[in-house]
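> dropping the sequence and predicted coords here.
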Amino acid sequence: MSAGSGPPRHVHIETFGCQMNEYDSELVRALLKREGFLLTEDRERADVILMNTCAIRENAHTKVYTHLADLKALKKTRPLVVGVLGCMAQNLKEELTKQEPLVDLLAGPDSYRQLPMLIRNAADAQELGEHVKSLAVDLSEYETYDDIVPSRIPGVNAWIAVMRGCDNFCSFCVVPYTRGRERSREPQGILEEASRVAAEGFKQITLLGQNVNSYRSGDWDFARLLTAVADIRGIERVRFTSPHPKDFPASLLEAVVFHPNICKHIHLPVQSGNDRILAMMNRTYTRAEYLTLVERIRSMNSRIVLTTDIIAGFCSETDEEFAHTYRLLEEVRYHSAFIFLYSERTNTIAARKYADDVAQEIKSRRVTALVELQRRISTERNREYLGETLPVLVEGDAKKSHLQAMGKSDGNITVVWEKGNVPCRPGQMVACSIYDASASTLYARVTDLSQHSTPKNAQSCTKIVQP
Ligand code: 5AD
Ligand code: SF4
C-alpha cells in the first residue's frame with residue numbers, strides 16, 4: 001500500500017523520555033511500516049518528522065521546545081510534516097496547536113492507530129498549499145496495542161509493555177492525565193511476544209508499565225506473569241520497571257529473590273522520606289511502611305540491588321522535612337538514585353491544590369546535597385564488589401572509548417573492561433572480575449568467555465544497541 005496519494009513518505013522518529021516512550025516508538029514504527037511508510041534514521045531525508053515526547057518534568061518539556069525550534073528552520077527549506085506524539089501532545093494540545101504553527105499533527109499515546117491517516121491529511125493539505133492541524137488525543141480505557149508487533153532494533157534487550165496508564169494519581173505526576181486509566185494486556189499476548197523475542201535472539205526482556213506491579217488480568221497478577229516470562233527458553237534475564245512500593249506481595253518478592261532469571265534489582269521509588277510530604281504526594285505509604293518493605297526485601301536477600309527516585313523541594317517542604325529524606329538515603333544506602341527537583345506540571349493535583357512555594361535556589365541546594373550524598377554511598381556500595389567475579393551481559397562499546405566494552409551486572413550496574421584481544425559480542429554473558437569502582441561504574445577484567453553462545457541477532461561489539 002502506498003502512503004497516501006503520492007509516493008511512499010519517509011518518516012523520521014525522535015524519542016524523548018522514558019522506556020515506555022522507546023517502546024511506543026517501536027509500536028509507531030510497526031504501524032507506519034504496515035501502511036507503506038518508509039522509516040529513516042536520517043532527518044535530512046525525511047518528509048515527516050515525528051517527536052515522541054515526554055511531559056513528566058520541566059526539563060523534558062524544554063528539550064522538546066528546543067527541538068521544535070530547530071525544525072522551524074528546516075521546514076522553511078522544504079515541504080515537511082511535523083508531528084508531536086506522546087505525553088506532551090496529550091497534555092498541551094491547546095498550547096501546541098495555538099502557539100506552534102510549525103506543528104501539523106498531534107497524537108496522544110492512545111491514538112497511534114490514527115497516525116497514518118493524520119500524516120496523509122497533513123501532507124495532502126500541504127501539497128495543496130494549505131495548513132491543517134490534525135489532532136487525535138482521546139484517551140482510551142481499552143487500547144493496549146496488543147495486536148501490534150513492535151518494530152524493534154536488533155539488540156540485547158527487548159521492552160514489552162504489559163500494562164498502560166496509571167490510576168495512582170500521585171499529586172505531582174502528570175502521567176494519569178497524559179496516559180489515562182490503568183489497563184493490563186492479557187497474559188497470552190505477552191507470553192507470545194516474549195517467546196517471539198526470545199526466538200529472535202534477544203537475551204533480556206524488560207517488562208514495562210507506568211505502575212508495572214499493579215498488573216492484573218483475570219487471576220494473573222504481576223508475580224505470575226514475571227515468572228512465566230522468566231521461564232521462557234532463551235531468555236536469560238528479565239527486568240521490570242517501574243514498580244510502586246504499595247504492590248509488593250510476598251509472591252512477587254519470592255519471584256525476584258528465587259527465580260534465577262529474574263534480575264536481583266528492585267527499583268523502589270520513595271519520592272520523600274517525610275510522612276507529611278508523602279501524604280501530600282498521595283503515595284499511600286509512610287516512611288516506616290516503606291522501610292519495613294526494604295527490610296523484608298533485604299532479609300530475603302541482603303545483596304539485592306535497590307535503587308530509587310526522589311523529588312526534592314515539593315510544595316511546602318521544610319528544611320527539617322527535607323532532612324528526613326536525606327537521612328532515609330543514609331539509612332537505606334541505595335546503590336543509586338534518580339534525584340529530581342520538583343517541577344509543577346499543568347493539571348496535576350499538586351498544581352491545583354498546593355503552592356509551588358519552595359524557592360528555586362533552595363530546591364537546587366537540596367538536589368545538590370542529595371546527589372553528593374548518593375554519589376558517596378554509590379561509590380561505597382560499588383566498592384563492595386572489589387575482588388568479586390560477576391556474570392555480565394555484554395551490551396557493546398563503552399560510552400567513553402571504543403577500546404572498552406560494557407555490559408550490565410545482574411543488579412543493573414554498568415561494568416566496563418578493556419577489550420584487548422577479547423572478542424566479546426553483545427548478548428554474550430561473560431564473567432567479570434571487578435578490580436575498581438566509581439559511583440556509576442565497575443571496572444573489570446573478563447575472566448571467562450566460554451559461558452554462553454552469541455545470540456542470533458548480535459552484530460558486533462561496536463555499538464550499544466539499546467540503553
Ligand atoms: N517533578 C519532579 N519529578 C517528578 N517525577 C514525576 N513527576 C515529577 C515532577 N512533577 C519523578 C518521580 C518519578 C520519576 C519518573 O519522575 O520521581 O518517580
Ligand atoms: Fe505517576 Fe505515581 Fe503513577 Fe508513577 S505511580 S506514573 S509517579 S501517578
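The structure has been received and is ready for your questions. Computed from a predicted structure; not experimentally measured. Ligands and ions are numbered 1, 2, ... in the order given.

> going forward, measure contacts between C-alpha atoms and count neighbours the same way
Fine.

> and the helix or strand where Tyr435 lies, what does it pack against?
Per DSSP states H and E, Tyr435 falls inside strand 429-437. Under the contact definition 3 or more C-alpha pairs under 8 Å, 6 or more residues apart in numbering; DSSP states H and E, strand 429-437 sits against helix 360-383, strand 389-397, strand 441-448.

> so which of the ones you listed is nearest ligand 1?
helix 360-383 (10.7 Å; C-alpha to the nearest ligand atom).

> contact partners of stretch 254-272?
223, 226-227, 230-231, 235-239, 241-245, 278, 290, 300-301, 304-312, 322, 324-325, 410-412 (C-alpha atoms under 8 Å, 6 or more residues apart in numbering).

> among these, name the buried ones.
Among these, those classed as buried by neighbour count (16 or more other C-alpha atoms under 10 Å) are 223, 226-227, 230-231, 235-239, 241-245, 278, 290, 301, 304-308, 310-312, 322, 324-325, 410-412.

> among those, which are in reach of ligand 1?
Among the buried ones among the contacts of stretch 254-272, the ones lying near ligand 1 by C-alpha under 6 Å from any ligand atom are Ile310, Ile311.

> quick one: Val132 and ligand 2, what's the gap?
33 Å (C-alpha to the nearest ligand atom, to the nearest Å).

> over to Asp247?
11 Å.

> surely that residue and Asn213 touch.
Yes. At 6.0 Å, Asp247 and Asn213 qualify as touching, with contact defined as C-alpha atoms under 8 Å.

> between these two, which one's more packed in?
Neighbour tally, Asp247 and Asn213, criterion other C-alpha atoms under 10 Å: the higher count belongs to Asn213, 27 against 14.

> quick one: pLDDT of the more buried one?
Asn213 is assigned 95 on the pLDDT scale.

> and it, that one's in a helix?
Yes. Assessed with DSSP: H, G, I helix; E, B strand; the rest coil, Asn213 lies in a helix.

> residues of this structure that sit close to ligand 1?
56-57, 172-173, 269, 271, 309-311, 340-345.

> just among the residues you listed, which is most surrounded?
Most surrounded of the residues of the chain next to ligand 1: other C-alpha under 10 Å gives Phe172, at 25 neighbours.

> quick check: that one touching Asn347?
No. Applying C-alpha under 8 Å, one finds Phe172 not in contact with Asn347, separated by 9.6 Å.

> worst-scoring helix or strand of the protein, pLDDT-wise?
helix 93-99 (a mean of 74; mean pLDDT, DSSP states H and E).

> tell me the buried residues in that one?
So for helix 93-99, counting by 16+ other C-alpha under 10 Å, buried means Lys93, Leu96, Thr97.

> please report the distance of the second one from Tyr65.
Here the distance between Leu96 and Tyr65 works out to 10 Å (C-alpha to C-alpha, to the nearest Å).

> then Gln374?
31 Å.
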